[in-house]
Each structure stands twice: as C-alpha cells, then as structure tokens.
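coords please:
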Amino acid sequence: MRSMLRCGARAVAAAVLLAPGAARAAVEPLPVDAAVLSEARAVGSLPCAGGTKAGGFAPDEDAPAAWRIGDALVSVRRKQGDRLAFVLARPAAGSADCAVRDVVVLPRGGSLLACALQDDSVRGLGVHALLPSGRRDLLFWRVDGTGLLRRQGTAPDDDDFESDTGELICSLPDPIQ
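Presented below is the predicted three-dimensional model:
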C-alpha cells in the first residue's frame, strides 16, 4: 500500500505554499561538505536506473534508485553523510548513462516524497526532515520549466504555485522500471 501525506495548506503564493513557517524553512541553509558538493557538481553522468555506486556517490538507501518527477529523472545519492539529488537528462546516442543536469543539496535525513499540487500544475520533490534549526518541516523543490529542481521560496515573486486547487499531495516515489 502506498503511503500518502496531504499538506493542509492551500497554495496561494510561493511564500505560504506549505505552512506559515515555510518561507523561513525554504531559505534555511542545509549543511553540506563543500568538497562533497564540488565533487557532485563534477560528476558528468550516472546510471539512468540508479542502483550502483558511481562517481564516489552511493544510492540513498531510503529512496528508489531513480524516479521520475514530471519530466525530471532524479537519483538521490549519499557521500560522507551528505545527501544530494542528481537531476538526470536522457542519455546521448550510444551512451548507457544519463548526463547530470543539476545537483541539489537535500537534508541529511528524512522521508523523500514525490509531491504535486492537487490540480497537477506543479510537481516536485518533498523532504519531510529535521532542519538544522531543530524544526521539523516539509521542504519542497518544484520542477521548473527546464526540468531542473528549484527550492520553493527561493523566488518569492514566482507565481508558478498559484492554483485554485492548490492542496499539496505527497507520496512515496515510484521507482522507474
């Protein structure tokens, strides 16, 4: 049975998408070792189906090896306790691996969720996690028009979250087959 989480907040603006404290949570920095982040940004490709250690990064044991959020393909990996989401692009002709398009720092712990507004106008990655401040919150990265992940609240004038049916619905992600 699939686990579902409904966030009761209505999405009327980016700053209040998740809850009144979401704006603060969206800008709270997440810890990451600078060397690990630099290494992650240097990874050029990863297996499209995830599953194997590559570029020194192991698949996250709490997430599918790879999963799709809208048009984005995501592989969550760990190194030295740091957790990163690699956004992958389809492989070039003749390549078995997907190119890495973007790297996003995630909280070190917490449940990874595939989230979408009820009207399906916005899809993204949610992480229900304990933040460095000690507060537990649901962080949300939306998939933008180019297929990259953008942390909710980083562009307060962005109206992509406005919706008449704006309940955010999150569930455990389905692995790609």
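
Report the contact partners of the residue nearest to Val32 when sequence neighbours are not counted.
If you skip the residues right next to it in sequence, Val32 has Val105 as its closest partner in space, 4.6 Å away by C-beta to C-beta, 6 or more residues apart in numbering. C-beta: built from backbone N, CA, C; applies to glycine. The contact partners of Val105, by C-beta atoms under 8 Å, 6 or more residues apart in numbering, come to 30, 32, 37, 82-84.

Check Gly109 too.
When the contact criterion is C-beta under 8 Å, 6+ apart, the partners of Gly109 are 83, 129-130.

Which strands border the host helix or strand of the residue nearest to Val32, and is each parallel or antiparallel?
In this structure, Val105 is located in strand 97-106 according to DSSP states H and E. Pairing partners of strand 97-106, with direction, according to DSSP bridges: strand 45-47 (antiparallel), strand 82-89 (antiparallel).

Throw those strands into CSV and include distance to Trp141 and mean pLDDT, thanks.
Listed next are the strands paired with strand 97-106 as CSV, based on distance: least, C-beta to C-beta, whole Å; pLDDT from 0 to 100:
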stretch, distance to Trp141, mean pLDDT
strand 45-47, 18, 90
strand 82-89, 8, 94
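
just to revisit the earlier point, list only those of the contacts of Val105 flagged as buried.
When the contacts of Val105 are checked for burial by 16 or more other C-beta atoms under 10 Å, the buried set is 30, 32, 82-84.
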